[in-house]
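K.L.:
The following comprises the amino acid sequence and a computationally predicted model.
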Amino acid sequence: MATCELRYPGTTRVLCLLEICCISGSQTNLHVRFNLSLSLNQKDVRGVTQWQRLAAAMISTLIGTEFEEKYHFYIEKCNHPDELRKFIIQTQGKEQLCQFFDELVEAIIENQPDLDFNFLKAVLFLILKFPQLAQIGMAWIQGTEHNNIREAGLPEFSAQEQDAKSIWFIQQICKLASVVSRPVLICFDQLDSANVSNDCGDSPIEIVASCWQGDNLT
């Protein structure tokens, strides 16, 4: 179970707490990916998730670009993600939402070319919080099944591919956060547990170390 400490207003870091004691070594990467995304979906007292704040912050990167005028009314609501959510729903019909987000992602990537198109689109879907696109975006990021992932323009992965890409998904979260100067702080709970993994015999500390080994998450 993942919990999350939220700081507002003007929170400057993405902070997550993950329990690691009850997983197998072979599932570490997928476990961290799933629970990190779940942690970021926790609401603060205003009902706003860290995903929404991160997505809004990405839209605000359009300030000072050639797209600022086009998205002016969205940008001015980025400090209040729930107002931004309501405005998007009011101004974009259900049938136009996917196209709206595709164009928005293209505008952002024009000035942030190192970002991944699909991952950024899935994160922007999360501004909506409850509608179907938000559910699709969350399922895609977490690596869980959803019948409409391809319909939303996101690639589908096999179970084997999902596990292999888990570290990549964690890296994408960190990359987006770094663009908007919101460092990601991941805290692992119960690392001092004496329990060992049934499939590899490693302790919780060794499992976490293996998750990071050979991968650059900075």
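P.N.:
Received, thanks.

K.L.:
where in the protein is pLDDT low?
P.N.:
Judged by pLDDT under 70, the chain has its weakly predicted residues at 1-28, 186, 188-218.

K.L.:
if you set the cut-off to 80 instead, what comes out?
P.N.:
1-32, 181-218 (pLDDT under 80).

K.L.:
Can you show me the strands along it?
P.N.:
2-3, 14-19, 184-189 (DSSP state E).

K.L.:
all helices for this protein, in order.
P.N.:
Per DSSP state H, the chain carries helices over the ranges 28-39, 50-60, 72-75, 81-91, 97-111, 117-125, 132-142, 159-164, 166-179, 204-212.

K.L.:
which other helices and strands contact the first one?
P.N.:
This means helix 28-39. strand 2-3, strand 14-19, helix 132-142, helix 159-164, helix 166-179, helix 204-212 (3 or more C-beta pairs under 8 Å, 6 or more residues apart in numbering; DSSP states H and E). From N, CA and C alone the C-beta is placed, and that goes for glycine too.

K.L.:
Report the angle between it and helix 117-125.
P.N.:
Angular relation of helix 28-39 and helix 117-125 on a 0 to 180 degree scale: 30 degrees, by axes from the mean of the first three to the mean of the last three C-alpha atoms, to 10 degrees.

K.L.:
Return the set of buried residues in helix 28-39.
P.N.:
28-39 (16 or more other C-beta atoms under 10 Å).

K.L.:
of those residues, closest to Ala122?
P.N.:
Among the buried residues of helix 28-39, Ser37 lies closest to Ala122 (C-beta to C-beta), at 9.9 Å.

K.L.:
The closest one touches Gly137, doesn't it?
P.N.:
No. Applying C-beta atoms under 8 Å, one finds Ser37 not in contact with Gly137, separated by 9.8 Å.

K.L.:
List the contacts of Ala139.
P.N.:
145-146, 149 (C-beta atoms under 8 Å, 6 or more residues apart in numbering).

K.L.:
can you put these in JSON lines and add distance to Ile109 and neighbour count?
P.N.:
Output for those, formatted as JSON lines (distance: C-beta to C-beta, whole Å; neighbours: other C-beta atoms under 10 Å):
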{"residue": "Glu145", "distance to Ile109": "27", "neighbour count": "11"}
{"residue": "His146", "distance to Ile109": "24", "neighbour count": "18"}
{"residue": "Ile149", "distance to Ile109": "20", "neighbour count": "18"}
